[in-house]
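**Student:** Dropping a prediction and its sequence here:
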Amino acid sequence: MLSFQDITVHYGELVALGSLTLELKRGELMTLLGPSGCGKSTTLRVAGGFLLPSKGSVFLDGQEITNLPPELRPTATVFQSHALFPHMTAGQNVSYGLKVRGAPRRKCRREAEEVLERVGLSGYADKRVQELSGGQQQRVALARALILNPSVLLMDEPLSSLDARLRVRMRMEIRELQRSAGITVLYVTHDQEEALSISDRVSVMSKGRLFQTGSPEEVYFSPANDFIRDFIGNAFPVVLDGQRQLVRPDQVCPAPEGAFEGRLAGREFLGNTVEWRIEWKEQTLRAVMLSCDEALPAPGASVRFDIRL
Ligand code: ADP
């Protein structure tokens with residue numbers, strides 16, 4: 001479907017993308033995940049036609065689109081900042097793309113209302129965008145992209161300006177909309193949880209390189225390297241039987257009959273979960289427990305645990 005072949009992007013001396021090759025399947029939601037500055041937005045800009053790569057090609061359904069300007073591509077982008085026109089109504093914002101393509105006013109109005117309904121904003125066409133909440137503005141931005149019926153929807157950190165609770169709700173809504181309409185989406189985020197929860201496949205990047213592409217379970221349970229184990233699994237180093245290993249907190253399991261014995265050095269309450277710090281052989285391990293399951297040993301108490309690698 002959408003395919004990046006050996007894409008390299010230079011900004012002056014900086015190599016923002018180094019020989020990136022990646023292929024999206026029709027109807028899937030693929031996420032580019034990596035720390036800030038790793039090249040995710042650059043990849044999206046190349047896909048949308050906003051940036052010409054220094055080297056390499058982009059194909060859509062077998063046709064090369066590398067040099068095609070954004071308005072001639074069957075792609076649409078939802079930006080982090082929404083980029084809505086503040087003086088226009090929600091409906092005018094949504095139908096803008098159709099209007100500049102010469103669609104008659106009636107058709108613009110009808111389609112804007114239809115697509116606003118799809119994103120949960122029926123009856124909002126005449127509201128000014130300034131009167132809308134952050135979440136509603138994000139929905140308008142999504143509707144504005146969907147009205148163009150793109151072959152590929154590009155989403156660049158679309159939820160980062162929303163509060164934590166709304167982010168979780170919106171990511172579920174985006175996922176449902178994408179699934180039910182079978183839209184192909186390339187989604188950018190630096191948030192591991194968001195990537196794991198929303199994607200069919202995740203592509204993990206660092207410093208302009210793609211390290212691993214796989215299902216959320218694959219990249220979490222079988223990371224290709226220590227960077228991914230650390231970045232996605234929140235792993236920490238432990239020396240076990242003389243060997244350095246990276247261990248995730250969910251692999252350290254307190255249990256009365258556990259094979260190891262350490263000392264509870266502290267606990268951090270996180271709401272649903274509690275993280276324990278366990279001192280063991282001059283190392284500090286982290287274990288994660290469900291708050292409702294937690295038995296409460298006193299700080300300093302001895303704790304037994306297993307390490308499930
Ligand atoms: P991400 O989206 O993963 O945060 P970007 O693709 O925005 O990363 O940026 C990748 C690298 O390219 C970063 O080091 C960033 O500072 C640099 N960069 C991005 N845009 C420009 C630009 N217009 N000019 C110069 N450097 C840039």
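**Tutor:** Arrived safely.
**Student:** Surely M289 is in a strand?
**Tutor:** Yes: M289: assigned to a strand according to DSSP: H, G, I helix; E, B strand; the rest coil.
**Student:** domain parsing for the chain?
**Tutor:** Domain assignment for the chain by automatic domain parsing gives 2-227, 234-307.
**Student:** winner for burial among these?
**Tutor:** Counting by mean count of other C-beta atoms under 10 Å, domain 2-227 has the highest mean neighbour count of these, with a mean of 18. All C-beta atoms are positioned from the backbone trio N, CA, C, and that covers glycine.
**Student:** That domain near the ligand at all?
**Tutor:** Yes: contact of domain 2-227 with the ligand (C-beta under 6 Å from any ligand atom) involves Y11, L14, A16, G34, S36, G37, C38, G39, K40, S41, T42.
**Student:** Contact partners for E64?
**Tutor:** Going by C-beta atoms under 8 Å, 6 or more residues apart in numbering, E64 touches S57, V58.
**Student:** ditto for V239
**Tutor:** Q245, K281, Q283.
**Student:** Show me where this structure has its helices.
**Tutor:** Using DSSP state H, the helices assigned to the chain run over residues 40-48, 90-100, 105-118, 134-146, 164-181, 192-198, 216-221, 226-233.
**Student:** so which of these gets nearest K207?
**Tutor:** Counting by C-beta to C-beta, K207 lies closest to helix 226-233 out of these; the figure is 9.4 Å.
**Student:** helices or strands up against the closest one?
**Tutor:** For helix 226-233, the elements it packs on are helix 192-198, strand 201-206, strand 209-214, helix 216-221, strand 243-247, judged by 3 or more C-beta pairs under 8 Å, 6 or more residues apart in numbering; DSSP states H and E.
**Student:** Tell me what angle that helix forms with strand 201-206.
**Tutor:** Angle, helix 226-233 to strand 201-206, by axes from the mean of the first three to the mean of the last three C-alpha atoms, to 10 degrees: 120 degrees.
**Student:** Give me the angle between helix 226-233 and strand 209-214.
**Tutor:** Going by the same axes, to 10 degrees, helix 226-233 makes 60 degrees with strand 209-214.
**Student:** just to revisit the earlier point, which ones among the residues of domain 2-227 next to the ligand lie within strands?
**Tutor:** Y11, L14, A16 (DSSP state E).
**Student:** which stretches of this structure aren't confidently modelled?
**Tutor:** By pLDDT under 70, the weakly predicted segments of the chain are 294, 296.
**Student:** switch the cut-off to 50
**Tutor:** Filtered on pLDDT under 50, the chain yields no residues whatsoever.
**Student:** looking at the sheet around P254, what are its partners?
**Tutor:** F305 (DSSP bridges).
**Student:** can I assume it is in contact with F305?
**Tutor:** Yes: using C-beta atoms under 8 Å as the test, P254 is close enough to F305 to be in contact (4.6 Å).
**Student:** Need the overlap of contacts for the two.
**Tutor:** With C-beta under 8 Å, 6+ apart as the test, P254 and F305 both reach I278, A287.
**Student:** picking up where we left off before, columns distance to R128 on top of the helices of the chain, output as JSON lines?
**Tutor:** Formatted as JSON lines, the helices of the chain follow (distance: least, C-beta to C-beta, whole Å):
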{"stretch": "helix 40-48", "distance to R128": "27"}
{"stretch": "helix 90-100", "distance to R128": "8"}
{"stretch": "helix 105-118", "distance to R128": "14"}
{"stretch": "helix 134-146", "distance to R128": "11"}
{"stretch": "helix 164-181", "distance to R128": "21"}
{"stretch": "helix 192-198", "distance to R128": "30"}
{"stretch": "helix 216-221", "distance to R128": "39"}
{"stretch": "helix 226-233", "distance to R128": "41"}
